[in-house]
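Peer 1: Okay, predicted coordinates and the sequence, questions at the end:
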Amino acid sequence: MKRQTTGNRDAAALLPGLAVVGLLLAPSAHARSTFVGHFPEEVVLASTVPANGDINPYGVAVVPRTVGNLVRGHVLVSNFNDATNAQGTGTTIVDVAPDGTSALFAQIDVSALPGPCPGGVGLTTALSVLRQGVVIVGSLPTSDGTSATMQAGCLLVLDSTGHVVETFSGGAINGPWDMTALDNGDAALLFVANVLNGPVAGSPSTTEIDQGTVVRIALAFDANARPRMMSETVIGSGFAERTDPAALVVGPTGVGLAADGTLYVADTVASRIAAIPRAVDRRSSAWRGVDVAVGGALNAPLGLAIAPSGDILTVNGGDGNLVETTPGGVQVMVSTVNANGGGALFGLAVAAQQRGLYFVDDVANALDFLHRTSPAAPGEFARRR
């Protein structure tokens, strides 16, 4: 993949005139004024195991627009493990319709990649679907399912029919673990959490390496809707990383972009939510960001999404809880959404039209849906100020 660098003009053009709000503590809220509190019903929507037997669903992304085989409102789920349960070897993305019907969207052949992806293919939580009909997914591969063989991987770019058309690798991309996107149609920004900086591979799980990063990647699309990388900027650094026998590796995971341009990061090792101000146009690293919330109900948070109200939704790796936190750092809702406890939760995404919340169950290899039967009223999820 040939890189083109044009500075930060692409990033600034996507969301100009941003103002950063202060992170002041707000009073506690009753569950009825939370986003999660509006969805009392939980269902297992579909199995995420395709015909080849891949398991351990990680990434979740809602399709924003119908293009090719992508259908608006459907959910894509990436699998991290193969049928033998070897971590970092999963190659499939499953499509799940709102009615629970599922189908294979993509099965990636590592021998047929159009560009480099060091180590091969092991699909992570880093999964985004853009309006141009492009799917981008992270790969953090292993050769035998162990942390000793982890390699840097890449971002895989798929077209709307599920074929890989490009890879982004090298530079600041090093173990892409999770991702969110700001989609402006003819251009986009990716925000990618990386967990393999420094001597992480093969290190004991007790060894913490403070070199995890968050990278902003600016993309532009050509006439064929093929994305070109215009620039990459490290906007967060110094996040703790370590190997883990259950999750392979632990480091900065979920990322979510707020309407004011603040990027929230699930700092998993520290059981913390961090804020990176001016994420779309900053030219330097904010280091580990600003503390939003540390500890409390946060227990190794992994997946992260932004509610329509602006609250931060995270799922814990250390237990089966979903936590809703205000931008001011108040944990206003804690809900046990998985009785299997630690190790079951990972990726999550807000459903189309604010109908609920999708999240994966790694233990049952399924996509779950938190919802209610009645539609949302106009203005029901007003943004917190």
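Peer 2: Sure thing, it's come through. Residues are numbered from 1 along each chain as shown.
Peer 1: What average pLDDT does stretch 279-295 get?
Peer 2: For stretch 279-295, mean pLDDT rounds to 97.
Peer 1: same thing with stretch 232-246?
Peer 2: pLDDT averaged over stretch 232-246 gives 95.
Peer 1: CA-only coordinates of it in CSV, if you can.
Peer 2: The C-alpha trace of stretch 232-246 is given here as CSV (Å, rounded to 0.1, in the frame of the first residue of the first chain):
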residue,chain,number,x,y,z
GLU,A,232,-2.0,9.3,9.8
THR,A,233,-1.5,11.0,13.1
VAL,A,234,-0.9,9.5,16.6
ILE,A,235,-3.4,11.3,18.8
GLY,A,236,-3.1,9.1,21.9
SER,A,237,-0.1,7.2,23.3
GLY,A,238,1.3,5.6,26.5
PHE,A,239,-1.7,3.3,27.1
ALA,A,240,-1.0,0.1,29.0
GLU,A,241,-0.7,-3.1,27.0
ARG,A,242,-0.1,-6.7,28.2
THR,A,243,-0.7,-10.2,27.0
ASP,A,244,-3.6,-12.2,28.4
PRO,A,245,-4.2,-15.9,28.4
ALA,A,246,-7.9,-15.5,27.8
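Peer 1: tell me which residues in it are buried?
Peer 2: Neighbour-count burial for stretch 232-246, counted by 16 or more other CB atoms under 10 Å, picks out 232-237, 239-244. Just so you know, the C-beta spots here come from the backbone N, C-alpha and C atoms, and that holds for glycine as well.
Peer 1: Can you name the two of these that sit furthest apart?
Peer 2: For those, the maximum inter-member distance is 28.3 Å, found between T233 and D244 (CB to CB).
Peer 1: Confirm that W177 sits in a strand.
Peer 2: Yes. According to DSSP: H, G, I helix; E, B strand; the rest coil, W177 belongs to a strand.
Peer 1: so who does it touch?
Peer 2: 124-126, 138, 140, 193-195, 249, 251-253 (CB atoms under 8 Å, 6 or more residues apart in numbering).
Peer 1: give me that answer again for 6 Å
Peer 2: 124, 193, 195, 253 (CB atoms under 6 Å, 6 or more residues apart in numbering).
Peer 1: can you check D210 too?
Peer 2: Applying CB under 6 Å, 6+ apart, the residues contacting D210 are 238, 240.
Peer 1: swap in F369?
Peer 2: With CB under 6 Å, 6+ apart, F369 has these contacts: 43, 45, 356, 358.
Peer 1: Name the nearest residue to the first one, ignoring sequence neighbours.
Peer 2: I take that to be V43. F369 (5.3 Å; CB to CB, 6 or more residues apart in numbering).
Peer 1: The host helix or strand of that neighbour - what's its average pLDDT?
Peer 2: Here F369 sits within strand 366-371, counting by DSSP states H and E. In this model, strand 366-371 has a mean pLDDT of 96.
Peer 1: Check the offset of it from the chain's centre.
Peer 2: 17 Å (CA atoms, centre = their mean, to the nearest Å).
Peer 1: Cheers, nothing more for now.
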